[in-house]
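1. fold the following.
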Amino acid sequence: MNSIEKYDIWFSIRVVHEYYDNGNCPVALTPSRETISFFKRNGIICKMTGNNKWVLLTQSKDFALETAGILSFEMIPQDNIFYYITELPQKKDNDDYILEKSLAVGKWMNVLIPFDNVKEEIDIGLRTKFKYWEFVIIPRYADDNVILRIEEKRNRITFGDMEEIGFPSVGKAFRVSTVEKNKIKETQEHVVRLYEIRSNGERLLSGNIPLPRPDEVSMTQPEDTVTTYFYI
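-> Numbers count the residues shown, from 1 in each chain. Now for the predicted structure:
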């Protein structure tokens, strides 16, 4: 046990998230006290080897053949935005692990892995949420006759009707939402444009309105809608 080179890989765990462009996911996996005790008794090392990948190293796999049990890891988000983007996992029959909601403060899920017949590679894939996009357009100057139109550059998103609303300390504003929910991604390919409709044609006000961030929840529909506030 003097050198890590004497160990063999028992199995590996990888966590990926479809929100992030590179697939990496800002979480930590921390073994429970019981699992740490099991590791110590059997000379097992749990080591993080790269972005969101952990390997379990052992000098002998014989203990796994003689013992039935469950390894438990706490999955701890390292980024607050994680809670806004991540859909709660659904159990699948072919999963090699179980994700169990954690009741501890600051924790998210417990990863439970039965180790009597564990696979060499365990991939935990996390899915991103779908949200309606809401745009609140706020005029800097009062104009009772302004008419606005919004569109996605390639018409890949459909918007509802533009409605006039009251906005605190400003007065009049305009609100419009997407008809369908959109998948939240770290980098979006959509380009949203805003026009003012005039008697002699349309005037482009913005060729690329900022899209709502995952943590910009709507004041009226916080559960399923994110909002961008845009001044014109």
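2. could you chop this protein up by domain?
-> Using automatic domain parsing, the domain ranges for the chain come out as 7-126, 130-231.
3. now do the same end-to-end measure for the first one.
-> Same thing as domain 7-126. Criterion C-alpha to C-alpha, to the nearest Å; first-to-last residue distance in domain 7-126 is 30 Å.
4. next: the shortest one.
-> With C-alpha to C-alpha as the measure, domain 130-231 spans 26 Å from end to end.
5. how far off centre is it?
-> Computed by C-alpha atoms, centre = their mean, to the nearest Å, the separation of domain 130-231 from the middle of its chain amounts to 23 Å.
6. helix, strand or coil for Tyr84?
-> The three-state label for Tyr84, taken from DSSP: H, G, I helix; E, B strand; the rest coil, comes out as helix.
7. find the nearest non-adjacent residue to it, please.
-> Sequence neighbours aside, Pro214 is the residue nearest to Tyr84 in space, at 4.1 Å (criterion: C-beta to C-beta, 6 or more residues apart in numbering). The C-beta positions use only the backbone N, C-alpha and C, and glycine is treated the same way.
8. check the domains of the chain for me: which has the lowest mean pLDDT.
-> Here the domains of the chain differ in mean pLDDT, and the lowest is domain 7-126 at a mean of 87.
9. thought the residue nearest to Tyr84 was touching Thr228?
-> No: here Pro214 lies out of contact with Thr228, judged by C-beta atoms under 8 Å, at a distance of 11.8 Å.
10. which of those two has more residues huddled nearby?
-> Comparing Pro214 with Thr228 by other C-beta atoms under 10 Å, the one with more neighbours is Pro214, at 19 against 16.
11. the residue nearest to Ser102 when sequence neighbours are not counted - how many residues pack around it?
-> Excluding its sequence neighbours, the residue lying closest to Ser102 (C-beta to C-beta, 6+ apart) is Asn110, at 5.2 Å. Using other C-beta under 10 Å, Asn110 is surrounded by 18 other residues.
12. now swap in Ile44 and tell me
-> When neighbours are defined as other C-beta under 10 Å, Ile44 has 22 of them.
13. for it, which residues are in contact?
-> Residues in contact with Ile44 (C-beta atoms under 8 Å, 6 or more residues apart in numbering) are 10, 38, 56-58.
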